[in-house]
Each structure stands twice: as structure tokens, then as C-alpha cells.
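Undergrad: A structural model of the following input is requested.
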Amino acid sequence: MRTTFDLSPLYRSTVGFDRLLDMLDQIEPMTWPPYNIEKVEDDQYRITMAVASFAPDEIEVVQQESTLFVNGHKHREPESEQVLHRGIATRAFKQSFSLADHVKVTGASLENGLLTIALKREVPEELKPRRIEIASGNGVTALTQDNQPQQIEHELQKKSKAA
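TA: Next up is the predicted model:
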């Protein structure tokens, strides 16, 4: 049973959140194959999908901009095989994951029926916070924020002339 929510009151009372609300409106119940999303470290993540009976050449993992697509398609079984009961799913699947900015796929492996996709957030150096040095008005002495008292050069010159 799927419960639907009316998001129209949120559309009326928010500005700039339309993309987020559209995503909430399109959420569907979990489909096959089942998967886990794990946070391994601060900037590392892992998606593990249960894809029993699929071989590596039957699965395609593609990152396109900020979306990760995982597609699986079984090769045709030989017609000479007669299956009396099919309990292992062999249907094709398509799964997509929205990735945050600067998250990249670093690897994928298939072992014991589990597809593991490693992801890492790599923020470019130019977007990371950096400390800015503050120069004095004449540009002679740079002031830093280390809370250490500093002498300004022109005060030293006054003291040497007076002596």
C-alpha cells in the first residue's frame, strides 16, 4: 500500500525549493534489487546492491554529471534448459542515485552476488576554505590572525631616530 502526500501547501509557502519538492513528490517505494547506502568515512560512501545471478558483463555502472545509473540485463538462457521453478530473479533492472556536488565514483566490484560501488567527495582546492593574510595600509607588514603582538616598522624607525 502506498500513501501519497499532498505537497501543494509546501509549494505555496516556500521559494527556491521546487527541485527538492519535485524529488519528494516522485519518490517511489524501493524497487528490485535491494540496496544499502553506507557512509564509510567523512567523505567516502558505499552503495551495495544485491544482484545475485548477474555477471559483471551484465551490469553497467555509469555516472553522468550528478546522477549514478546502474543497469542490469541478463543474457538469454539457452533454450535447452528447462526451469521448473524460478526463485532467483533474473529480470532486468534500472536504478539511479542522485549524487551531491563533487561526489565521484572511485570503483565498483561484484563479489558473492553483491555489487559494491565506492564513492568519494572530492572538493576542488579552489572551493575549499582558505585563510587570507591581512596586509597593513602601506603594504609593508602583513598581519596574521595568530593573536601575537607585532611591532609596526615605522614605530621602530621613530625609536631608532630618538636614540
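
Undergrad: just the helices in this protein please.
TA: Under the criterion DSSP state H, helices of the chain are mapped to 8-13, 18-25, 153-162.

Undergrad: which of these comes out lowest on mean pLDDT?
TA: Lowest mean pLDDT within those: helix 153-162, at a mean of 58.

Undergrad: beta partners for residue 118?
TA: Beta-bridge partners of residue 118, counted by DSSP bridges, are residue 46, residue 107.

Undergrad: which residues sit in contact with it?
TA: Residue 118 makes contact with 40, 44, 45, 46, 105, 106, 107, 108, according to CB atoms under 8 Å, 6 or more residues apart in numbering. From N, CA and C alone the C-beta is placed, and that goes for glycine too.

Undergrad: residue 132: which of the residues you listed is nearest?
TA: Closest approach between the contacts of residue 118 and residue 132, by CB to CB: residue 44, at 29.7 Å.

Undergrad: list the contacts for the closest residue to the closest one other than its chain neighbours?
TA: The shortest distance from residue 44 to any non-neighbouring residue, by CB to CB, 6 or more residues apart in numbering, is to residue 120 (5.2 Å). Going by CB under 8 Å, 6+ apart, residue 120 touches 43, 44, 45, 103, 104, 106.

Undergrad: again, only using 6 Å
TA: Applying CB atoms under 6 Å, 6 or more residues apart in numbering to residue 120 gives the contacts 43, 44, 104, 106.

Undergrad: pLDDT score for the spatially closest residue to residue 68 that is not a sequence neighbour?
TA: Excluding its sequence neighbours, the residue lying closest to residue 68 (CB to CB, 6+ apart) is residue 97, at 4.4 Å. What the model reports for residue 97 is a pLDDT of 90.

Undergrad: ok, residue 144 next?
TA: 51.

Undergrad: likewise for residue 85?
TA: We have a pLDDT of 85 for residue 85.

Undergrad: and the contacts of residue 120, which is closest to residue 76?
TA: For these, the nearest to residue 76 is residue 106 (33.0 Å; CB to CB).

Undergrad: and this structure, what are its domains?
TA: Segmentation of the chain into domains, based on automatic domain parsing, reads 30-127, 131-163.

Undergrad: using TSV, lay out the contacts of residue 118 together with pLDDT and distance to residue 126.
TA: Formatted as TSV, these follow (pLDDT from 0 to 100; distance: CB to CB, whole Å):
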residue	pLDDT	distance to residue 126
40	91	26
44	92	22
45	94	23
46	94	28
105	93	22
106	93	21
107	94	26
108	95	29
